[in-house]
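Visitor: Sharing a model prediction with you, sequence too.
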There are 2 protein chains.
Amino acid sequence: MSFSPLIRHLIDSLRILPGVGQKTAQRMALHLLERDRSGALRLAQALTQAMEGVGHCKTCRTLSEDELCPQCSDPRRDDSLLCIVEGPMDVHAVEQTGYRGRYFVLKGHLSPLDGLGPEAIGIPELLTRVEAGSFSEVILATNPTVEGEATAHYIAQMLANKGLITSRIAHGMPLGGELELVDGGTLAHALAGRRPISL
Amino acid sequence: MSFSPLIRHLIDSLRILPGVGQKTAQRMALHLLERDRSGALRLAQALTQAMEGVGHCKTCRTLSEDELCPQCSDPRRDDSLLCIVEGPMDVHAVEQTGYRGRYFVLKGHLSPLDGLGPEAIGIPELLTRVEAGSFSEVILATNPTVEGEATAHYIAQMLANKGLITSRIAHGMPLGGELELVDGGTLAHALAGRRPISL
């Protein structure tokens, strides 16, 4: 091996990052050592602080170091809307759209083959949250995958008798997509979900 | 912003890694927080240890936490060959070829426009190294770029009267390349550097 032990250990440690293989980890390690040692030390500190300080928001279950995350602690948001997503990254994605209701963050989706049932992904906490709130609509924004659809369907059934509107995010053509490139299932959804053009 | 301060700070800190933009940094931060907190703490420690512990080999100037790097401290290597490269990553690349001589690692290449002259990249240390050693051949393995060629040429001139063979790594077609895709300069070098086939 041509790297000394501390450098080898750093390269191995960098490989825990998603999408980082051996070559990228080498490039990162040498870049930090040669060009940005103070940045690397700040990164080490940020990692330690975040891993030790960040827990989960007690209301929506997203990642947060405070008891309440920025979305749950904001009094100006719409308390009649609840958006259910699979993870903290999805909260960020939905926030970009301008949505200003509340959230509930599942721990992924139902996956019986992996032993992930309703308890594992936080459905009981979701029911508690819905019952404690004053929501008029629950938006199911799980991913449009087989597991995400099954999870949305399961939650819709659980909430059937609560006097709420339960809605599912629309499926259809992504903006900028091309009909000839999109898969048949998506196009079928786009056709079935067509809407009149109002001029 | 939909992330709490510690998470935002972690995302910003991850962006110092080469090739990591905002989206990738978000994905990395949430992945570590949700899936691999102990790995992230080990990474933080590896970063701190490497940044504080790794210096430069006093003989070849590559990155190393010991006074001598693994290549310089190995007594079985060929002391008659010296390979000159632009950086520590290049040592790793040349090692993969089976080369078992010695190294000298420059700090990049000559770049007068950026104010990088012979002193800045370590040419005086290289001359000291060559004079202290018993080399019969110096292999110039700087990159085949304009700056790398200029650096190799400069070093070859500096070493002209030392009674050494100075050689340059070959230019030509990369293995697996296609003639119709390679640039004209490379193909011209490949033609000019053609060698008789020995059957």
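Guide: Right, received. Where do you want to start? Everything quoted here is computed from the prediction, not taken from an experiment. Numbering: from 1, shown residues only, chains lettered A, B, ... in the order given.
Visitor: the helices in chain A, which residues?
Guide: Assigned helices in chain A, in chain order: A:5-14, A:22-35, A:37-53, A:70-73, A:88-95, A:118-121, A:123-132, A:146-158, A:184-192 (criterion: DSSP state H).
Visitor: Distance to chain B added to the ones you listed, as JSON lines?
Guide: For the C-beta atoms, the positions are set from N, CA and C on the backbone; glycine is no exception. Formatted as JSON lines, the helices of chain A follow (distance: least, CB to the nearest CB, whole Å):
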{"stretch": "helix A:5-14", "distance to chain B": "4"}
{"stretch": "helix A:22-35", "distance to chain B": "5"}
{"stretch": "helix A:37-53", "distance to chain B": "4"}
{"stretch": "helix A:70-73", "distance to chain B": "6"}
{"stretch": "helix A:88-95", "distance to chain B": "4"}
{"stretch": "helix A:118-121", "distance to chain B": "13"}
{"stretch": "helix A:123-132", "distance to chain B": "16"}
{"stretch": "helix A:146-158", "distance to chain B": "17"}
{"stretch": "helix A:184-192", "distance to chain B": "23"}
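Visitor: Those helices into a markdown table, with extra columns for mean neighbour count?
Guide: Shown next, in a markdown table, are the helices of chain A (neighbours: other CB atoms under 10 Å in any protein chain shown):
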| stretch | mean neighbour count |
| --- | --- |
| helix A:5-14 | 21 |
| helix A:22-35 | 18 |
| helix A:37-53 | 19 |
| helix A:70-73 | 19 |
| helix A:88-95 | 20 |
| helix A:118-121 | 15 |
| helix A:123-132 | 15 |
| helix A:146-158 | 17 |
| helix A:184-192 | 12 |
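Visitor: weakest of these in terms of mean pLDDT?
Guide: Comparing mean pLDDT across these, the weakest is helix A:184-192, with a mean of 87.
Visitor: one step back: the helices of chain A: which one's closest to residue B:18?
Guide: helix A:22-35 (4.7 Å; CB to CB).
Visitor: how about the CA coordinates for that closest one, as PDB?
Guide: Listed next in PDB are the C-alpha coordinates belonging to helix A:22-35 (Å, rounded to 0.1, in the frame of the first residue of the first chain):
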ATOM      1  CA  GLN A  22     -12.500   3.900  -3.200                       C
ATOM      2  CA  LYS A  23     -11.300   6.300  -5.900                       C
ATOM      3  CA  THR A  24     -13.500   9.200  -4.700                       C
ATOM      4  CA  ALA A  25     -12.500   8.600  -1.100                       C
ATOM      5  CA  GLN A  26      -8.800   8.800  -2.000                       C
ATOM      6  CA  ARG A  27      -9.400  12.000  -3.900                       C
ATOM      7  CA  MET A  28     -11.300  13.500  -1.000                       C
ATOM      8  CA  ALA A  29      -8.700  12.500   1.600                       C
ATOM      9  CA  LEU A  30      -5.800  13.900  -0.400                       C
ATOM     10  CA  HIS A  31      -7.700  17.000  -1.300                       C
ATOM     11  CA  LEU A  32      -8.400  17.700   2.400                       C
ATOM     12  CA  LEU A  33      -4.800  17.000   3.500                       C
ATOM     13  CA  GLU A  34      -3.300  19.100   0.800                       C
ATOM     14  CA  ARG A  35      -5.700  22.000   0.400                       C
END
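Visitor: now that helix against helix B:37-53, angle please.
Guide: Compare the direction of helix A:22-35 with that of helix B:37-53 by axes from the mean of the first three to the mean of the last three CA atoms, to 10 degrees and you get 40 degrees.
Visitor: which outside residues touch helix A:22-35?
Guide: In this structure, residues lying in contact with helix A:22-35 by CB atoms under 8 Å, 6 or more residues apart in numbering or on different chains are A:3, A:7, A:10-12, A:14-15, A:17, A:20, A:39-40, B:16-19, B:47, B:50-51, B:54, B:63, B:87-89, B:92.
Visitor: swap the cut-off to 6 Å and go again
Guide: When contacts are defined by CB atoms under 6 Å, 6 or more residues apart in numbering or on different chains, helix A:22-35 is touched by residues A:7, A:10, A:11, A:14, A:15, A:40, B:17, B:18, B:54, B:63, B:88, B:89.
Visitor: just curious, which of these is nearest to residue B:70?
Guide: So of these, ranked by how close each gets to residue B:70 (CB to CB), first place is residue A:7, at 10.2 Å.
Visitor: Contact partners for the closest one?
Guide: Counting by CB under 6 Å, 6+ apart, residue A:7 touches residue A:29.
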